[in-house]
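Trainee: next one to model:
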Amino acid sequence: MVKKRKKTHIVPKKTTATKNPTTPHILKKKKAQNYHFVFNKEKYIIMLVGLGFIILGFLLMVGGGSDDPYKFSEEIFSDRRITLAPILVLLGFAIEIYAIMKTDKNDKPKDAVLNEEKND
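Mentor: As a prediction, the model looks like this:
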């Protein structure tokens, strides 16, 4: 003989209200944080100048081909393509490296920034 089970109803437990991570008091804390960018405006301008030199150098290298594939053109050995354009490209990369490595007088040493974060 098989026993019949009683039918039981599952009632969900009442949950207490939990704070949503996007509640206003948490958002205020996030806004209060100071964000420190790696580069400032001056460094970005220097980097754009370096990028301009690189692009100009590559544009000066373009061309010099012949319309007829069976004829050799001496234009590919012009001074503009052989000397001026590579110098501009290398100068552009040197400017980029300078912009990245340049330190500001107002920047704090990395250790001082880390100590401030530990104290907060």
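
Trainee: kindly list the longest helix within this structure.
Mentor: helix 41-61 (DSSP state H).

Trainee: show me what that helix is packed up against.
Mentor: Contacts defined by 3 or more C-beta pairs under 8 Å, 6 or more residues apart in numbering; DSSP states H and E place helix 41-61 against helix 85-101. Placement of C-beta: from N, CA and C, glycine included.

Trainee: name the residues of the helix it packs on that are buried.
Mentor: For helix 85-101, burial by neighbour count (16 or more other C-beta atoms under 10 Å) applies to Ala85, Leu88, Val89, Gly92, Ile95, Glu96, Ala99.

Trainee: so what's the first one closest to, chain neighbours aside?
Mentor: Sequence neighbours aside, Leu60 is the residue nearest to Ala85 in space, at 3.9 Å (criterion: C-beta to C-beta, 6 or more residues apart in numbering).

Trainee: who are the contact partners of that neighbour?
Mentor: Counting by C-beta atoms under 8 Å, 6 or more residues apart in numbering, Leu60 touches Arg80, Arg81, Leu84, Ala85, Leu88.

Trainee: that older thread, pLDDT on the longest helix of the chain, on average?
Mentor: Average pLDDT, helix 41-61: 95.

Trainee: between helix 85-101 and that helix, find me the angle.
Mentor: Helix 41-61 runs at 170 degrees relative to helix 85-101, counting by axes from the mean of the first three to the mean of the last three C-alpha atoms, to 10 degrees.

Trainee: picking that back up, same list (the buried residues of helix 85-101) but as CSV, adding distance to Phe72 and pLDDT.
Mentor: Supplementary listing: those in CSV, determined by distance: C-beta to C-beta, whole Å; pLDDT from 0 to 100:
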residue, distance to Phe72, pLDDT
Ala85, 21, 95
Leu88, 26, 97
Val89, 25, 97
Gly92, 31, 98
Ile95, 36, 97
Glu96, 36, 96
Ala99, 41, 94
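
Trainee: what is the nearest of those to Leu56?
Mentor: Leu88 (5.6 Å; C-beta to C-beta).

Trainee: nearest spatial neighbour of that closest one, skipping sequence neighbours?
Mentor: Using C-beta to C-beta, 6+ apart, the closest residue to Leu88 is Gly57 (3.4 Å).
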